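>>> for reference, the sequence and a predicted model appear below.
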Amino acid sequence: MYTVFEEIQHILVSHQLNISHFILYALQQEASYHPLVQDLCAAWKEIVTAFSQHQEVCGAMRNWSRVETSEVVSEEIDQLASDEAGWHFLAGHAEPYQLQEFDLVDMAREMRSTAPHLWEILDIWLRKGTKGDENSESESDDEAIEAAVNDLGDASATTNRKRKRQTATAQKRRHATIISKKVLLSSILMQGRNQKANWLQSMCGIFLHAMHAPQKLVDSLAHMGISISQSTIHNSLHSLGINIISDAKQVGQTLSAAYAYDNLDIEFKSSVPTVEKPGDMLKHFTTSMIFPLQHGITADDLRCSRYLWDRSRLNVHAFRDLLPPKPTSHDLMLIHPHTRELDENNMTVRDRFNAWKFLHDLCHHGPEEFRGFAASIGEPDPIEKIPLTKTPIIPLRTTSDNNSQVAGNISALTHILAQVGVGDPRVAHADSGGSQAVVDVSDHVVLFYGDLGTGEKIDASLERRSIEQTPWLRLQFVVFVLGLFHLKMACVDALWKVFIQPRSAQEDETCLMKDVSILRPRETGSIASKPGFRRMHQVIQHAGICRRLDCWRVEVQKREPAHSSLKLFAMSKPSLDYLKALANHLAMNYTARKEKSQIFDLRSKPSATRDKQYENGLLLNEYFCLYEELTFAMNHGDVGRVESCFMPWVWIFKATGKHKYVKHMMKYLSNVHFLYPPGLRKAVRYSILINPSGKPGCFRAPDWCLELNNLYTKTKYGGTGVNYTEQRIINESVLIQIYRDLHLTFERNLALGHLTTKHAEPDMTRTFEVMMENLKKTRPHEMIPGRGSKHQIPNLIDEGQCALLAAEGPEAMDTDDVAAEEEVEVTLADVTVEIGV
């Protein structure tokens, strides 16, 4: 090779050239197709590497590469920081959609496309030294965890599959961490080049505010380039609040929207009492939200204000011929007549649901051998299901109205509509920007959802204003609808009053309180005195499951004495058809069916042949199944099934003294099915349950959504310490949904683990086994002639029905003891139990 090198040098010298001239000429355009040039270009990498390793030019070579790389990367950073790149976040013009569309993966994809060299350099720096991360960021994470997703919920998953899921999850989190670091470093460089290129910093700043980060922490991160300053955060929040109210106006002024509102009482405690602030201060607020009416409902469907006023008993000028007759309880029973029709098995719709519930409990909580049938049993046939549609919820600004008073309730109604620019154009509203911004609601009605107290105040307000001259002043537009979440709480409270509150009801060995001592041994005192919704809801569910499983055990052993346990029965491998037939039998014979008059017949027998504890067990199974049916219908948006449950609960409430709920439930059925025109009827029924997530089985009552916002205001986003003030709560009220969405966005983008509020269901296997052993010992579902009871559970459905029929009509609801009824208090645990927290 040296000889060849000398010959080449000789040739170059003979032509008065050197090798550098030759190479430079070869790289010119006119010589680009020469074979020698092609070979030279093909070996460029080896040539450059040799230069970088040569001791005389390696330093200069590195300086040259640094300068060239810096220029290329600097140009890319300029492109990222430019306004055309789209990463400018203007605090004074912040829009809610900007936070909702924030996605680190999309941001990373755009950055990689705009600045590929910068992205590659960061990738080399951050991935150097990492192990087990062969996949690049261009590969889909979905493929990496597909096996893990497919195995979720599979009880037969092997250890190897679990290990694969854990590995895939770890890789996904490691990959997300690298992506987030690259986006952060790129964002810091962008903001250093242009202060307006602060998209990621703005998201982080608002997130820190939602997390109550101390100001020193926010300022420190702002100086590091990770967040925006405190003042910029406040400007962004102010702009977001204005735009949220603007969005609410767009929805409200269509006149096809519904509202929910409730009182919110907060006690501001002063650490050092003064003359101006003598101590604890209880402040009253009114919180509200708006959501659009969907499923084809238009403003024309709600154009019936005059129609309803002409038929209102509050209208002293109404023609008596137009006043509709008051429906009786018998009329209300006939609203869904097909639900009482018998099928080929002599079963009603309620019987079929109970049979499904018996089978569902066996397949999900019985022996493992029955798990294979879980996917095959499906769901009960719906009666009338609300179409599955995601319903956006927009919180409105909290007001200082005390709607626990009639005057405060009227003020709250007008302030709520003033925020969205709806009212009477002849009356100016300061909150809506004057009469020019007001949409006339005189010919329409507006749906308002709330609890029982809200309904009582609205009724009083309508009566007080009925003598006014204009529809606006007499609140003619108001249509109140009882919130189903508070109704569900009342159902739980009624069952507690029947099965636990009486001291004598806690003494039998088969009573519900004995179940509580096993399910919640350390909470027996609380449950016996004041359990709250969450505890009692879970007691009803868990005790009901165990008792229904015990019914399976008893009936199976009756048919085959060798099957002394459900485990032995499972080993016999019964078919699904046989299980369905057996479930039908259980639903017909192990509940106190009204159609069969079973309890009446049993209690008509001589005392020597009666088993009073067995009778109590049948009633408990009936009431618990009725509660399960209402819960299922609410979760799945089956409004027809919800309404079919109303009258049985009306009778139970009548028998337990909950006369206000009797009044409002019967009023709902009467108005919806006998008074309202078709458009309004559909609007009420198809908005009584909404689906904020758009997922099956996740329907929620509007009053529950509002209570959840209230509790977030109280416990999370209303401020802490000295910032927990009345003005802070009012200012932050419209941002509740933004904060919640931002929390989920950061958890998703950063692949944070162990931060979900929806925990896995507790493993109740061993608890249920102990419970089942006790039921096997006490035998509540086996007839033992002569067995007495310290407390006889009343047949509430028959007693309540007789009480209503005795007066026949709404007059039966106007009793003197209505005022003594108390509203059930809502706590954080009561609201979050609906989402499995």
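Noted; the coordinates are in hand.
>>> okay, now the unreliable bits of the stretch 351-500 of the chain?
Within the stretch 351-500 of the chain, the stretches with pLDDT under 70 are 428-436.
>>> just the strands in it please.
If you assign secondary structure with DSSP state E, counting those that start in this stretch, the strands in the stretch 351-500 of the chain sit at 394-395, 422-423, 439-440, 446-450, 478-482.
>>> parallel or antiparallel, which strands does the third one pair with?
Strands that pair with strand 439-440, judged by DSSP bridges, come out as strand 422-423 (parallel).
>>> off-centre distance for the strand it pairs with?
Between the mean C-alpha location of strand 422-423 and the chain-wide mean there is a distance of 30 Å, by C-alpha atoms, centre = their mean, to the nearest Å.
>>> tell me which residues are up against it.
Residues external to strand 422-423 that are found in contact with it (C-beta atoms under 8 Å, 6 or more residues apart in numbering): 252-253, 255, 414, 417, 429, 432, 438-441, 446, 472. Every C-beta, even on glycine, is put in place using the N, C-alpha and C of the backbone.
>>> for the closest residue in space to Met634 that isn't next to it in sequence, give me its contacts.
Excluding its sequence neighbours, the residue lying closest to Met634 (C-beta to C-beta, 6 or more residues apart in numbering) is Leu484, at 5.7 Å. Under the criterion of C-beta under 8 Å, 6+ apart, the neighbours of Leu484 are Met634, Val642, Ile688, Leu689, Ala701, Asp703, Trp704.
>>> helices - which of those residues land there?
Using DSSP state H, the subset of those located in helices is Met634, Val642, Asp703, Trp704.
>>> before we move on, back to that, could I get the strands of the stretch 351-500 of the chain in TSV, plus columns for mean neighbour count and distance to Gln792?
Compiled in TSV, the strands of the stretch 351-500 of the chain are given as follows (neighbours: other C-beta atoms under 10 Å; distance: least, C-beta to C-beta, whole Å):
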stretch	mean neighbour count	distance to Gln792
strand 394-395	23	48
strand 422-423	25	54
strand 439-440	16	59
strand 446-450	25	37
strand 478-482	22	32
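>>> for Glu56, find the nearest of those strands.
Set against Glu56 and scored by C-beta to C-beta, these come closest in strand 394-395, at 70.8 Å.
>>> output the contacting helices and strands for the closest one.
Counting contacts by 3 or more C-beta pairs under 8 Å, 6 or more residues apart in numbering; DSSP states H and E, strand 394-395 packs against helix 230-252, strand 281-292, helix 736-749.
>>> check which residues of the last one are buried.
Think helix 736-749. With burial defined by 16 or more other C-beta atoms under 10 Å, the residues of helix 736-749 counted as buried are Ile736, Gln737, Ile738, Tyr739, Arg740, Leu742, His743, Thr745, Phe746, Asn749.
>>> keeping just the C-alphas, turn that helix into CSV.
As requested, C-alpha coordinates have been extracted for helix 736-749 and formatted as CSV (Å, rounded to 0.1, in the frame of the first residue of the first chain):
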residue,chain,number,x,y,z
ILE,A,736,-63.2,22.0,39.1
GLN,A,737,-63.6,19.9,35.9
ILE,A,738,-60.4,21.4,34.4
TYR,A,739,-58.4,20.4,37.4
ARG,A,740,-59.8,16.9,37.5
ASP,A,741,-59.1,16.4,33.8
LEU,A,742,-55.6,17.8,34.2
HIS,A,743,-54.9,15.3,37.0
LEU,A,744,-55.9,12.4,34.7
THR,A,745,-53.9,13.9,31.8
PHE,A,746,-50.6,14.0,33.8
GLU,A,747,-51.1,10.6,35.2
ARG,A,748,-51.7,9.2,31.7
ASN,A,749,-48.9,11.1,30.0
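>>> re the thing from before, so which of the strands of the stretch 351-500 of the chain is nearest Lys567?
strand 478-482 (45.3 Å).
>>> give me the contacts around the closest one.
Counting contacts by C-beta under 8 Å, 6+ apart, the residues outside strand 478-482 that touch it are 308, 413, 445-452, 454-455, 458-459, 461-462, 664-665, 668, 680, 684, 687-688.
>>> same thing but at 6 Å, please
Residues lying outside strand 478-482 but in contact with it, judged by C-beta atoms under 6 Å, 6 or more residues apart in numbering, are Val445, Leu447, Phe448, Tyr449, Gly455, Ile458, His664, Tyr668, Val684.
>>> quick one: contacts for the first one?
Read it as Val445. With C-beta under 6 Å, 6+ apart, Val445 has these contacts: Leu302, Ser305, Phe477, Val479.
>>> neighbours around the residue nearest to Phe285 when sequence neighbours are not counted, how many?
Closest residue in space to Phe285, ignoring its immediate chain neighbours: Leu264 at 4.3 Å, by C-beta to C-beta, 6+ apart. Counted with other C-beta atoms under 10 Å, the burial measure for Leu264 works out to 22 neighbours.
>>> just use 41 as the starting number from now, easier for me
New numbering, starting at 41: the last item is Leu304.
>>> helix, strand, or coil at Leu304?
Judged by DSSP: H, G, I helix; E, B strand; the rest coil, the three-state class of Leu304 is strand.
>>> wait, it sits on Thr326?
No. Leu304 sits out of contact with Thr326 when judged by C-beta atoms under 6 Å, with a separation of 7.1 Å.
>>> list the contacts for Ile266?
Going by C-beta under 6 Å, 6+ apart, the list of residues near Ile266 reads Cys244.
>>> which secondary structure element contains it?
Taking DSSP states H and E as the criterion, Ile266 maps to no regular element, lying outside all helices and strands.
>>> ok, it to Ser242 distance?
Here the distance between Ile266 and Ser242 works out to 11 Å (C-beta to C-beta, to the nearest Å).
>>> what of Ile456?
If you go by C-beta to C-beta, the gap between Ile456 and Ser242 works out to 31 Å.
>>> just Lys698 next, same as before
According to C-beta to C-beta, Lys698 stands 50 Å off from Ser242.
>>> do Ala83 as well
49 Å.
>>> ditto for Val485
Shown here: Val485 relative to Ser242, a distance of 42 Å by C-beta to C-beta.
>>> ok, and the helix or strand in the chain with the lowest average confidence?
When each helix and strand of the chain is scored by mean pLDDT, DSSP states H and E, helix 186-191 comes last, with a mean of 35.
>>> could you tell me the angle between the helix or strand following that one and helix 776-789?
Proceeding N to C from helix 186-191, the next assigned helix or strand is helix 199-233, under DSSP H and E. Between the axes of helix 199-233 and helix 776-789, defined by axes from the mean of the first three to the mean of the last three C-alpha atoms, to 10 degrees, the angle is 110 degrees.
>>> count of residues packed around the residue nearest to Ser122 when sequence neighbours are not counted?
Of all residues not flanking Ser122 in the chain, Asn234 sits nearest, at 7.4 Å (C-beta to C-beta, 6+ apart). Counted with other C-beta under 10 Å, the burial measure for Asn234 works out to 17 neighbours.
>>> cool, and Glu813?
Taking other C-beta under 10 Å as the neighbour definition, Glu813 ends up with a count of 11.
>>> and it, what pLDDT?
Turning to Glu813, the model gives it a pLDDT of 95.
>>> no further questions, thank you.
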